[in-house]
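Colleague: coordinates for the following, if possible.
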Amino acid sequence: MTLRDTLLRWLPADSRAGVARRVVVVWGMALVIALFQWATRPGEHPLDRSLVYSYAISTAIWLLADPLRVLMRRWFGATGPHYWTPSWRTGLHMLLSVIGGYAAGTAVGDAYSGHSTWELLALSPQRFWTFWLSTLAMSAGFVVYFSLRGKSEELQRQATEARLKLLETQLEPHMLFNTLANLRVLIQTDPPRAVAMLDRLNDYLRATLRGSRADATAGTHTLADECARLGDYLELMAVRMGPRLAFGFDLPAELKAHPVPPLLLQPLVENAIRHGLEPRVEGGRIDVTARREGQTLRIDITDTGVGMAPDAQRPGTDGGFGLSQVRERMASLPGGAGTVQVSSQQGQGTTVRLTLPFQSHP
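Modeller: This next block holds a predicted model:
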């Protein structure tokens, strides 16, 4: 667990990164404001007092407007990962957060300086209200900026999800057409195995449909879900290839709940079978391994086949189609942080390595 997740473990996991980014921005601006006040009126605003007032007010407003808003998400009717929703409740909360945060931060600054800011109201009302309204305006500006940025990120997330769904609609028929082509051959050469394969296909499609509905309801697809469906697919292929196909999974328990895009691994396993194991008379083995390396999740798909020829990796071929789709899905991860590496040697097999940002869980 990172330091950020440790400090913000009382917040939902999907909100922590955004909350941490926003407080860094707030603290950066607090430093700028404090330095500006000190530079313009050094005698009236000593640097230490300017820093205390600026950071106390900014932090208090941030605590009330940001983490508290996430904690009150049910009252606002907001959903993750940004928890921004336009409503009168949100507007009222933001207004009270600015006022309450300013009062609390000012109290901290007054305790440090030994002077009461509120005395300025009696000595110079115009100056007091000018200072207070300017602080209110800057705070409101931050709130509006973060709100608009949250909406923009939410729209980007929805666009990414739509893109992934489009990719899924391309991948699923591709796998089905390949399986039906194999069935056609078996019907002519080995009818009993064709019947067994058809039964497996029926079970696989039923499990995939059930899993897709569950993912849509829960909103998540885990590495364990992906490997379970991949295992069903490999069992289906094992009916056709018999003892020529062996496979295994090495999935540590702590990684099973890690979210991954649906149908991320299956195109790579299809490539391994079609271009690696099928051309080898004795067949071979496919292993799927997951490991955590620092703040990344590494998934390796390794086969002992004939190796992938360079032309099989080009777009427009079956191998190129699968790899290009997986690369697109990895590029659709938040920040485009996913990578795909292919290592293949003729006669020695192929390894495809996927690297994703590691996401910790509460």
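Colleague: in the protein, which spans are helices?
Modeller: Per DSSP state H, the chain carries helices over the ranges 3-7, 16-40, 47-65, 67-71, 73-76, 88-113, 119-123, 125-189, 191-218, 223-241, 266-271, 318-331.
Colleague: so which elements touch the fourth one?
Modeller: Counting contacts by 3 or more CB pairs under 8 Å, 6 or more residues apart in numbering; DSSP states H and E, helix 67-71 packs against helix 88-113. (Each C-beta comes from the backbone N, C-alpha and C, glycine too.)
Colleague: run the angle between the helix it packs on and helix 47-65 for me.
Modeller: Orientation of helix 88-113 against helix 47-65 (axes from the mean of the first three to the mean of the last three CA atoms, to 10 degrees) gives an angle of 150 degrees.
Colleague: tell me what angle helix 88-113 forms with helix 16-40.
Modeller: 50 degrees.
Colleague: oh, and call the first residue 584 from now on, that's how I've got it
Modeller: Renumbered: residue one is now 584, and that last one reads helix 671-696.
Colleague: how about helix 671-696: buried residues?
Modeller: Judged by neighbour count (16 or more other CB atoms under 10 Å), helix 671-696 contains these buried residues: 673, 676-677, 680-681, 683-685, 687-693.
Colleague: my read: E853 touches N761, true?
Modeller: Yes - if you go by CB atoms under 8 Å, E853 and N761 touch, sitting 6.7 Å apart.
Colleague: and those two? Which one has more around it.
Modeller: E853 (21 against 15; other CB atoms under 10 Å).
Colleague: average model confidence for stretch 602-612?
Modeller: Stretch 602-612 shows a mean pLDDT of 86.
Colleague: would you pull up how far it lies from the middle of the chain?
Modeller: 20 Å (CA atoms, centre = their mean, to the nearest Å).
Colleague: where does this protein have low pLDDT?
Modeller: Within the chain, the stretches with pLDDT under 70 are 584-588, 664, 703-704, 706-707, 709-758, 790-803, 892-905, 915-920, 943-945.
Colleague: show me the domain layout of it.
Modeller: 586-738, 773-940 (automatic domain parsing).
Colleague: output the ones you listed as a markdown table; include the columns distance to R767.
Modeller: As requested, the domains of the chain are exported to a markdown table (distance: least, CB to CB, whole Å):
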| stretch | distance to R767 |
| --- | --- |
| domain 586-738 | 45 |
| domain 773-940 | 9 |
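Colleague: which one of these lies nearest to N765?
Modeller: domain 773-940 (5.5 Å; CB to CB).
Colleague: gap between the two ends of that closest one?
Modeller: The first and final residues of domain 773-940 sit 45 Å from each other (CA to CA, to the nearest Å).
Colleague: L847 contacts V909, correct?
Modeller: Yes - the criterion here is CB under 8 Å, and L847 meets it with V909 at 6.6 Å.
Colleague: which residues do those two both contact?
Modeller: L937 (CB atoms under 8 Å, 6 or more residues apart in numbering).
Colleague: tell me who's in contact with S633.
Modeller: Here S633 is in contact with 616-618, 620-621 (criterion: CB under 8 Å, 6+ apart).
Colleague: which of these are buried? Put it as a PyMOL command.
Modeller: Entered in PyMOL, the line below selects the buried ones among the contacts of S633, by 16+ other CB under 10 Å:
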select buried, resi 616+617+620+621
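Colleague: please tell me how far F941 sits from T589.
Modeller: F941 sits 15 Å away from T589, going by CB to CB, to the nearest Å.
Colleague: please identify which of these two sits among more neighbours.
Modeller: A direct count of neighbours by other CB under 10 Å for F941 and T589 places F941 higher, at 15 against 10.
Colleague: and that one, what are its phi and psi?
Modeller: phi -80, psi 130 (degrees, to the nearest 10).
Colleague: surely it touches R881?
Modeller: No - contact criterion CB under 8 Å: F941 and R881 do not qualify, at 9.3 Å.
Colleague: anything in contact with each of these two?
Modeller: R875.
Colleague: one step back: what is the nearest of the buried residues of helix 671-696 to Y636?
Modeller: Nearest member of these to Y636, counting by CB to CB, is G692, at 3.7 Å.
Colleague: quick check: the closest one touching A639?
Modeller: Yes - in this structure, G692 is within contact of A639 by CB under 8 Å, at 5.2 Å.
Colleague: closest to D808 among the buried residues of helix 671-696?
Modeller: Closest to D808, out of all of the buried residues of helix 671-696 and judged by CB to CB, is T673, at 34.3 Å.
Colleague: roughly how far does the closest one sit from A613?
Modeller: In terms of CB to CB, T673 sits 23 Å off from A613.
Colleague: burial of L784, as a residue count?
Modeller: 19.
Colleague: ok, it - contacts?
Modeller: Counted by CB under 8 Å, 6+ apart, L784 has contacts 762, 766, 819.
Colleague: now it: how far from D693?
Modeller: 74 Å.
Colleague: go on, G877?
Modeller: Distance from G877 to D693, by CB to CB: 45 Å.
Colleague: cool, W593 as well?
Modeller: 29 Å.
Colleague: doesn't L817 make contact with Y787?
Modeller: No - between Y787 and L817 there is no contact under CB under 8 Å: 10.0 Å.
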